[in-house]
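Asker: sequence and predicted structure are below.
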Amino acid sequence: MPPLPEPLLLSPDGRFAVVQSQPWMAEALEAIQEASFPTLSREERMTREHYLAHMRIFPEGQHAVVERATGKVVACSTDFRTRVDFHHYLHRYLEAVAGNWLTRHDPEGDWLYGADIGVLPEYRGQGLSKLLYQARQNLVRRLGLKGHVAGSMPKGYHRYAQAMPIEEYVHRVVREELVDPVLSIQLKRGYRVYGILPDYLEDPSCGNYGVFVVWRNPEVGW
Ligand SMILES: CC(C)(COP(=O)(O)OP(=O)(O)OC[C@H]1O[C@@H](n2cnc3c(N)ncnc32)[C@H](O)[C@@H]1OP(=O)(O)O)[C@@H](O)C(=O)NCCC(=O)NCCS
């Protein structure tokens with residue numbers, strides 16, 4: 001295993017480190033993507049070439065979680081900087097991420113946009129997404145950005161799609177009457193729902209919907 005870069009964060013038990021993603025990890029990152037988004041359309045999934053491009057375009061925005069004893073890359077997230085017009089927030093995933101190449105990364109952008117987060121299935125439920133959200137929010141603080149936005153995938157919606165419209169589903173998840181495997185986790189990390197994104201991407205698990213979520217940097221005046 002090539003030497004690990006300086007950890008940005010460690011898990012409370014010290015088993016896992018968050019580091020900036022490195023080119024030698026590209027294959028592992030693609031495997032995490034495959035395992036994390038099995039029902040997402042193929043053209044919306046990231047490949048090793050995409051990950052390598054992200055590391056060239058905005059290295060600080062690319063995080064990986066490594067199991068320190070084995071050097072195995074087990075989770076990752078992808079971010080870029082952008083400007084956000086909250087009056088016109090409707091958009092599609094592929095537009096935002098420029099076909100997954102992140103060429104719309106704006107070095108002057110005052111918001112961080114979360115393109116993806118994934119944890120290998122056998123490593124879920126151990127606080128690794130919590131660690132990645134912490135690292136991403138630390139980056140927002142370090143860069144003095146206004147906050148973090150993302151198109152959340154409400155992956156539990158397919159089970160309720162016949163019973164209720166997406167607005168009601170999201171409302172009930174926010175009220176903690178329903179638990180969504182993705183949105184509920186983001187709400188716990190301090191993200192708030194801004195609006196629904198119809199036709200955000202192509203994935204039957206979330207009825208092709210996205211939910212625009214926002215975490216505001218408490219260090220920036222509002
Ligand atoms: C969503 C995902 C990233 C969560 O990762 P994870 O490492 O398992 O999450 P964590 O262990 O950090 O859990 C975070 C919190 O959510 C809770 N949680 C974990 N899995 C949950 C689930 N399925 N439903 C509800 N809550 C859950 C945990 O108890 C924890 O709560 P706490 O902060 O109160 O302790 C992971 O399930 C995944 O990779 N999914 C596939 C990819 C995906 O959908 N990404 C999101 C795209 S927008």
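Answerer: Looks like it came in fine.

Asker: mind saving the C-alpha coords of the helix or strand residue 213 falls within as PDB?
Answerer: Using DSSP states H and E, the element containing residue 213 is strand 210-216. Extracted C-alpha coordinates of strand 210-216, given in PDB (Å, rounded to 0.1, in the frame of the first residue of the first chain):
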ATOM      1  CA  GLY A 210     -33.900  14.500  -5.600                       C
ATOM      2  CA  VAL A 211     -34.300  16.600  -2.400                       C
ATOM      3  CA  PHE A 212     -32.300  19.800  -2.300                       C
ATOM      4  CA  VAL A 213     -30.700  19.900   1.100                       C
ATOM      5  CA  VAL A 214     -28.700  22.700   2.700                       C
ATOM      6  CA  TRP A 215     -26.300  22.900   5.600                       C
ATOM      7  CA  ARG A 216     -25.400  26.500   6.500                       C
END
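
Asker: can you list the strands that that strand pairs with?
Answerer: strand 147-152 (antiparallel), strand 192-197 (antiparallel) (DSSP bridges).

Asker: and the contacts of it?
Answerer: Residues from elsewhere that reach strand 210-216, judged by Cβ atoms under 8 Å, 6 or more residues apart in numbering: 89, 93, 137, 140, 146-154, 170, 183, 186, 189-197, 200-201, 222. Using the backbone N, CA and C atoms, a C-beta is placed for each residue, glycine as well.

Asker: please repeat the previous calculation with a cut-off of 6 Å.
Answerer: Taking contacts as Cβ atoms under 6 Å, 6 or more residues apart in numbering, the residues outside strand 210-216 that touch it are 89, 147-152, 154, 170, 183, 186, 190-195, 197, 200.

Asker: and those residues, which are buried?
Answerer: 147-152, 154, 170, 183, 186, 191, 193, 197, 200 (16 or more other Cβ atoms under 10 Å).

Asker: from those residues, pick the one nearest residue 123.
Answerer: Using Cβ to Cβ, the shortest approach to residue 123 within the buried ones among the contacts of strand 210-216 belongs to residue 186, at 18.5 Å.
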